[in-house]
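Colleague: predicted model and sequence follow; I will ask about them next.
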Amino acid sequence: MRDKTQTNSAGPGDRLIRAGAVVFFLGALATMVTVAPLFFGAKPFPTYMFGLSMLMAVGFLVAGAGVLRSIAAGRRQARRAAR
């Protein structure tokens, strides 16, 4: 039974996936806030706000790295089990 994975244990890459999701949603929020004045005819936000919108891409890349890390760990585990 010790070789079974616990349901509440975090595997390799899980934290990166969660962190990436958080950063992605922060970037999505920044994008909505940045684009909103364009719809309402208000004064646009400063340029750095558009830079904050790039957090969506950063979060996507971080989550993707977590997925790749999880895949690599699964492959290593499968190779060990096949021996």
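Modeller: Cool, the structure landed. The structure displayed is predicted, hence computed values, not measured ones. Numbers count the residues shown, from 1 in each chain.
Colleague: poorly predicted segments of this structure, please.
Modeller: For the chain, the stretches flagged by pLDDT under 70 are 1-8.
Colleague: and the residue nearest the centre of it?
Modeller: G20 (1.8 Å; Cα atoms, centre = their mean).
Colleague: hang on, isn't that one packed against G64?
Modeller: Yes: look at G20 against G64 with Cβ atoms under 8 Å: they come within range, at 7.2 Å. C-beta: built from backbone N, CA, C; applies to glycine.
Colleague: helix, strand, or coil at P12?
Modeller: coil (DSSP: H, G, I helix; E, B strand; the rest coil).
Colleague: tell me which element the residue nearest to the centre of the chain falls in.
Modeller: Per DSSP states H and E, G20 falls inside helix 14-40.
Colleague: in that helix, what counts as buried?
Modeller: Residues of helix 14-40 classed as buried: L16, I17, G20, V23, F24, G27, A30, T31, T34 (neighbour count, 16 or more other Cβ atoms under 10 Å).
Colleague: please name the residues that touch the last one.
Modeller: By Cβ atoms under 8 Å, 6 or more residues apart in numbering, T34 lies in contact with F45, M49, F50, L52, S53.
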